[in-house]
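Test case, fold it:
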Amino acid sequence: APEGRKRVGCNPSCMMVSVWIRSFVRVSATFGIKVYQGKFSKNTAKHTPKRHVYVAFSPQVVKFLCRVPLICPNFAIFVSTMQPLAERMRPRTLEDYIGQQHLVGPNGVLRRMITSGRISSFILWGPPGVGKTTLATIIASTLDVPFFTLSAVTSGVKDVRDVIEKAKGTNFFNTARPILFIDEIHRFSKSQQDSLLGAVEQGVFTLIGATTENPSFEVIRPLLSRCQVYTLNSLTKDDLLSLCRRVMEKDTVLRKQSIELKQTDALLRYSGGDARKLLNILELLSESVQEGETLEVTDTLVAERLQQNPLAYDKDGEMHYDIISAFIKSIRGSDPDAAIYWLARMIEGGEDPAFIARRLVISASEDIGLANPNALLLANAAFDAVQKIGWPEGRIPLAEATVYLATSPKSNSAYNAINAALQNVRHTGNLPVPLHLRNAPTQLMSELGYSDGYKYPHDYPGHYVKQQYMPDELRATAFFTPAETDKVQKR
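Predicted coordinates for the structure are as follows:
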């Protein structure tokens, strides 16, 4: 084997080592161990990452490993306890599945599909830890069909084509179509998604995709037209509490411990509707007590063990746009409390302060406008202050500008005026400028009538005189309609 890599053979002295390595592989792929059956070829050695252990199992060894649970009855229990709690408690049937009743409840569309035995391609869209992967696995096991999985993070077009060929090999007469599950499908490039179109269209397999991002933005339209999108919601507090009780009753490790849920507010708050995060917290708490001690779950204990609660906030994802939308709409709706709350969410989530400041400047022009022209000055000043002083003090001018804009009178007359004018320009094209409005820097232009008849407003009382400024075709057109809150009025 190449330098930095080693091979575990199949001789009797290495057989038990192989058994233990296999158990570790089943527990977690994070050990960097890959198991395969067959010879250790030069091609395999060439592409083996350094410090990875490859185990070459002969058919005889594989047969022996299948008998391990019979030889050692406690072996399977031992291996299961090595798995993370979230994996040990992963539901295997719809009856064990918690949440998403709008999809898997008695009248849920996915339950009806499973009952009928006919599954069409669909995409599961929802936040992390709500059961997307679990649901796909349950569907495949319930229907007893071949199940292929790909991760969009590590797979490419070649992997997709390999799965398509394998799926074609499993289609015989009236057999059910295999299922291809693609996790994080939004990470597939356009070409990778294109490679799925033909197979989905021809029914080579049923596609189930999982994504945490809005499919409207991340999945190509041809693939969306071939798949139904189902939304999975964050788990409710009742769902999470039900999961806690089930874990304490059924888990092979936690049911042996004495656990009391005295307070659950912090537990649920830190979980954030994420079942996986909830189970990880429970596992962390259970490991923090000595054997034989009673684990009393309180808000104080959870806060001490977790130290902080990183908020779910993706600066490049849909939540980024949802929260900034709520922020701006709260300002527009004159609700300073809500505006400050959404500002705090962005700050705590690590949003770029310059992005927040830019949006304040836009809101000052669009939503406050001529009702309070000073709002634009204050928003610009806040933007400048943030760039000068940085974090964490930058939050103060942002908060000041946010409250000022939210409590200011509102007007979008200037915003409406420019939009109406732009629409008119696109429709009417390049209308000529009236001759009296044109500049006449040369004698020829003066002889042609340029600037002839122009009235200089400062020569008239009140510095105003009525004359035509619009092109002839738009002489009676008006774009600006003052709002009742505007500080300026139209003559």
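
And the nearest residue to R438 once chain neighbours are set aside, how close does it get to N430?
By the measure of CB to CB, 6 or more residues apart in numbering, the closest residue to R438 outside its immediate chain neighbours is Y450, 4.4 Å from it. No exception for glycine: its C-beta is placed from N, CA and C like everyone else's. Note on Y450: its distance to N430, by CB to CB, to the nearest Å, is 18 Å.

Looking at these two, which one has more neighbours?
Y450 (18 against 7; other CB atoms under 10 Å).

What ranges does this structure have for its strands?
6-8, 33-37, 53-57, 122-125, 147-151, 179-183, 206-211, 228-231, 258-261, 294-297 (DSSP state E).

confidence score at Y460?
Y460 carries a pLDDT value of 85.

likewise R111?
90.

now do L223
For L223, pLDDT reads 88.

before we move on, what about I259?
Looking at I259, its pLDDT is 85.

Over to N171?
So, for N171, pLDDT stands at 63.

re the thing from before, next up, phi/psi of the residue nearest to R438, please.
In terms of degrees, to the nearest 10, the main-chain angles of Y450 are phi -60, psi 130.

ok, now which ones touch it?
435, 438-440 (CB atoms under 8 Å, 6 or more residues apart in numbering).

hey, where'd the helices end up in the stretch 51-200 of the chain?
59-66, 68-71, 75-82, 85-88, 101-104, 109-116, 132-143, 157-170, 190-202 (DSSP state H, counting those that start in this stretch).

Ok, which of those comes nearest A176?
Taking CB to CB, helix 132-143 is the member of these nearest to A176, at 6.1 Å.

quick one: buried residues of that closest one?
Buried residues in helix 132-143, counting neighbours by 16 or more other CB atoms under 10 Å, are found at 132-140, 143.

Closest to L285 out of those?
Using CB to CB, T134 is the member of the buried residues of helix 132-143 that lies nearest L285, at 22.9 Å.

Rebuild the strands of the chain as JSON lines, extending it with distance to E287 and mean neighbour count.
What follows is the strands of the chain, written out as JSON lines (distance: least, CB to CB, whole Å; neighbours: other CB atoms under 10 Å):
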{"stretch": "strand 6-8", "distance to E287": "31", "mean neighbour count": "15"}
{"stretch": "strand 33-37", "distance to E287": "24", "mean neighbour count": "14"}
{"stretch": "strand 53-57", "distance to E287": "27", "mean neighbour count": "19"}
{"stretch": "strand 122-125", "distance to E287": "31", "mean neighbour count": "23"}
{"stretch": "strand 147-151", "distance to E287": "29", "mean neighbour count": "17"}
{"stretch": "strand 179-183", "distance to E287": "28", "mean neighbour count": "24"}
{"stretch": "strand 206-211", "distance to E287": "29", "mean neighbour count": "24"}
{"stretch": "strand 228-231", "distance to E287": "35", "mean neighbour count": "14"}
{"stretch": "strand 258-261", "distance to E287": "12", "mean neighbour count": "14"}
{"stretch": "strand 294-297", "distance to E287": "10", "mean neighbour count": "15"}
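
among the ones you listed, which gets the worst mean confidence?
Across those, strand 6-8 gives the lowest mean pLDDT, at a mean of 39.

hmm, back to that, with the buried residues of helix 132-143 in mind, which one is nearest to R221?
Once CB to CB is applied, the member of the buried residues of helix 132-143 that ends up nearest R221 is K132, at 21.8 Å.

confidence score at the closest one?
pLDDT for K132: 90.

now the closest residue to it other than its chain neighbours: how far from Q100?
In this structure, K132 finds its nearest non-sequential neighbour in A210, 3.9 Å apart by CB to CB, 6+ apart. Distance of A210 to Q100, given as CB to CB: 13 Å.

on that earlier part again, among the contacts of Y450, the buried ones, what's the ChimeraX command?
Only the buried entries of the contacts of Y450 go into this ChimeraX selection, using 16+ other CB under 10 Å:
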select :440
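
would a markdown table of the contacts of Y450 with pLDDT and distance to P373 be doable?
Shown next, in a markdown table, are the contacts of Y450 (pLDDT from 0 to 100; distance: CB to CB, whole Å):
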| residue | pLDDT | distance to P373 |
| --- | --- | --- |
| L435 | 83 | 34 |
| R438 | 82 | 31 |
| N439 | 82 | 30 |
| A440 | 79 | 35 |
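
could I get the contacts of Y450 as a markdown table with distance to A176?
Shown next, in a markdown table, are the contacts of Y450 (distance: CB to CB, whole Å):
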| residue | distance to A176 |
| --- | --- |
| L435 | 79 |
| R438 | 77 |
| N439 | 78 |
| A440 | 83 |
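
Which of the contacts of Y450 fall in helices?
If you go by DSSP state H, those have nothing in helices.

which two in the contacts of Y450 are spaced the farthest apart?
The most widely separated members of the contacts of Y450, counting by CB to CB, are L435 and N439 (10.8 Å).

what residues are shared contacts of these two?
Common neighbours of L435 and N439 (CB under 8 Å, 6+ apart) are 450-451.

Do a quick rundown of the helices in the stretch 301-450 of the chain.
Using DSSP H, counting those that start in this stretch, helices in the stretch 301-450 of the chain cover 318-332, 336-348, 353-363, 374-389, 395-407, 413-428, 443-447.

which one of the ones you listed lies closest to L285?
Of all these, helix 336-348 sits nearest to L285, with 24.1 Å by CB to CB.
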